[in-house]
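Undergrad: Have a look; sequence and predicted model below, questions after that.
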Amino acid sequence: MGKCNTCGEWNSFVEEIITKEPSNSITHIISIDKAKPILLEDVENIHLKRIETNDSEFNRVLGGGIVPGSMVLIGGDPGIGKSTLLIQIAMQTLGKKILYISGEESEQQIKMRAQRIGGENNLVYVFTETNVETILQQADQIKPDILIIDSIQTVQTARAESVMGSVSQIRETANILQQYAKKKNVPTFLIGHITKEGYIAGPKILEHIVDTVLQFEGDRNYNYRILRTLKNRFGSGAELGIYEMRGEGLRPVSNPSEILITSRDEPVSGVAIAATMEGQRALLIEVQALVSASVFGTPQRSSNGFDGKRLSMILAVLDKRCGFTFSTKDVFLNIAGGIKVEDPAVDLAVVAALLSSFQDLPIGDDVCFSGEVGLSGEIRAVNKIDQRILEAEKLGYKRIFISKYNQKTTYTNNIKVELVKKVEEIFSKLFMENVLN
Ligand code: TYD
Ligand code: MG
């Protein structure tokens, strides 16, 4: 077949031969017990005694440490720092025996990297092997506390006869590793490459097999890296950890708001601060907008870190409800620090930044925003408003704009909470009051 009926891609079919009988059996390692149903009541409580690493960001994204027997997939673009992150966790989790399998680098390369990073764990074993049966035989001898596979695309099994890195190889090896992890209660980390379509290991098969999926992302031009939870059977599925890539490895950033907000000597127009939530954590980020007269017939719209369609929607709302004509203007929007946000509460800061740039009037540097904008221009309530306000207060903000429909329950006295109902009110509250006073 030349064309796939499902996705419409050409030449994406590959022949794969699947053998039924495992030619090199590993059943002596993973002997499957004769299982029969048991009463839920009788199931023994497994002790979810998590292994805490001394990397607070890593613990956070896993939901509080490494769960024994769990399988975690870490995906990310090449060169983003996946190997660095895991060798660093290995080197710094003292007292734990770690087996680091690499199918990509030599022992010397791993050693050089480990030396660069530092860390005192002297129980880290490295093994450059790609055959999963051999890997598990060694694992059975060493009995590691944590197993790391770098990467799942470079391991293979004799059970599937297709080439390394193919779909059936990945599925088969992941299944074997999964059984091993569960059986021996060894937490296993799989590193996975992202294809250019953005999938980990091509199709989504792996994401279903593993317990936790983490994504390591970041703009290669910036030093900041974000470790995001995409799925977690043992914790929140929307956590976020932030790192800074340095010469000596990754440094966890425990107070991200400070790095995400540019400090300036004097206020500039087009900048607004948003109080967002990423998972369980409140984060203040800087939204930058530039609105300028368009030279061409079709005005340009460009957005970095914020959904382009959402930007168009907000521009249309401002046009219709507030009478600001953006149709003859080029609009550029940027979230500082190269991070991507999905929290709808950023909308209000986007509105403020756009208006500020449109009128070339700066917003005070002690003001921040948190609210979603609806199609009729109404400001909608957002979740966890108290936590957002508290974080803003903690960072020294004096005024926060939120939706009138948000129920605030905590009492704050160092920050003034401004309730707004419609986008129209933002402009007058921000820029007219000073003029009138
Ligand atoms: P790497 O972990 O090899 O990426 P991946 O496994 O995701 O492909 O990271 C490679 C990049 O990280 C490389 O460009 C060099 C940089 N780096 C540092 O900046 N500092 C360091 O201490 C290390 C080990 C790597
Ligand atoms: Mg690597």
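TA: That came through fine. Numbering: from 1, shown residues only. Ligands and ions are numbered 1, 2, ... in the order given.

Undergrad: Could you list the residues in contact with stretch 404-423?
TA: 317-318, 321-322, 348, 351, 371, 373, 377-382, 385-386, 389-390, 392-393, 397-403, 426, 429 (Cβ atoms under 8 Å, 6 or more residues apart in numbering). No exception for glycine: its C-beta is placed from N, CA and C like everyone else's.

Undergrad: Close to ligand 1: what parts of this protein are there?
TA: 76, 78-84, 113, 116-117, 245-249 (Cβ under 6 Å from any ligand atom).

Undergrad: Quick one: buried ones out of the contacts of stretch 404-423?
TA: 317-318, 321-322, 348, 351, 371, 373, 377-380, 382, 385, 389-390, 392-393, 397, 399-403, 426, 429 (16 or more other Cβ atoms under 10 Å).

Undergrad: Quick check: helices, which of the residues you listed are part of them?
TA: Mapping these onto helices (DSSP state H) picks out 317, 348, 351, 385, 389-390, 392-393, 426.

Undergrad: Output these as CSV; include the columns distance to Asn232.
TA: Listed next are these as CSV, based on distance: Cβ to Cβ, whole Å:
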residue, distance to Asn232
Val317, 35
Leu348, 29
Val351, 33
Ile385, 25
Ile389, 27
Leu390, 25
Ala392, 28
Glu393, 30
Ile426, 37
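
Undergrad: from these, which is closest to Asn185?
TA: When those are compared for distance to Asn185 (Cβ to Cβ), Leu390 wins out at 39.3 Å.

Undergrad: can you pull the pLDDT of the closest one?
TA: pLDDT, Leu390: 89.

Undergrad: now Tyr222
TA: 76.

Undergrad: Next, it: secondary structure please.
TA: Three-state call for Tyr222 (DSSP: H, G, I helix; E, B strand; the rest coil): coil.

Undergrad: The nearest residue to it once chain neighbours are set aside: neighbour count?
TA: The spatial neighbour of Tyr222 that comes closest, neighbours along the chain excluded (Cβ to Cβ, 6 or more residues apart in numbering), is Gly338 at 4.2 Å. Per other Cβ atoms under 10 Å, the neighbour tally for Gly338 reads 19.

Undergrad: okay, now the domains of the chain?
TA: For the chain, the structural domains run 51-254, 259-436, going by automatic domain parsing.

Undergrad: Adding distance to Leu39, write those domains out as CSV.
TA: Shown next, in CSV, are the domains of the chain (distance: least, Cβ to Cβ, whole Å):
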stretch, distance to Leu39
domain 51-254, 20
domain 259-436, 35
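
Undergrad: closest to Val14 out of these?
TA: Going by Cβ to Cβ, the one of the domains of the chain nearest Val14 is domain 51-254, 6.7 Å.

Undergrad: Quick one: end-to-end length of that closest one, please.
TA: End-to-end span of domain 51-254 (Cα to Cα, to the nearest Å): 20 Å.

Undergrad: Any idea how far that domain is from the middle of the chain?
TA: Distance of domain 51-254 from the chain centroid (Cα atoms, centre = their mean, to the nearest Å) equals 15 Å.

Undergrad: returning to what we had before: check the residues of the chain next to ligand 1 and tell me the two furthest apart.
TA: Pro78 and Glu248 (21.3 Å).

Undergrad: What is the neighbour count of Gln359?
TA: For Gln359, using other Cβ under 10 Å, the count is 15.

Undergrad: end to end, how far does stretch 72-90 reach?
TA: First-to-last residue span, stretch 72-90, Cα to Cα: 15 Å.

Undergrad: Kindly report the same for stretch 294-302.
TA: Termini of stretch 294-302 sit 13 Å apart (Cα to Cα).

Undergrad: Most proximal residue of the stretch 251-400 of the chain with respect to ligand 1?
TA: Per Cβ to the nearest ligand atom, Arg251 is where the stretch 251-400 of the chain lies closest to ligand 1, at 9.7 Å.

Undergrad: The closest residue to Arg281 other than its chain neighbours and Leu190, how far apart?
TA: Nearest residue to Arg281, sequence neighbours excluded (Cβ to Cβ, 6+ apart): Leu240, at 6.4 Å. Plainly put, Leu240 is 21 Å away from Leu190 if you go by Cβ to Cβ, to the nearest Å.

Undergrad: The two: which is more packed in?
TA: Leu190 (31 against 20).

Undergrad: what's the helix or strand for that one?
TA: Per DSSP states H and E: Leu190 is located in strand 188-193.
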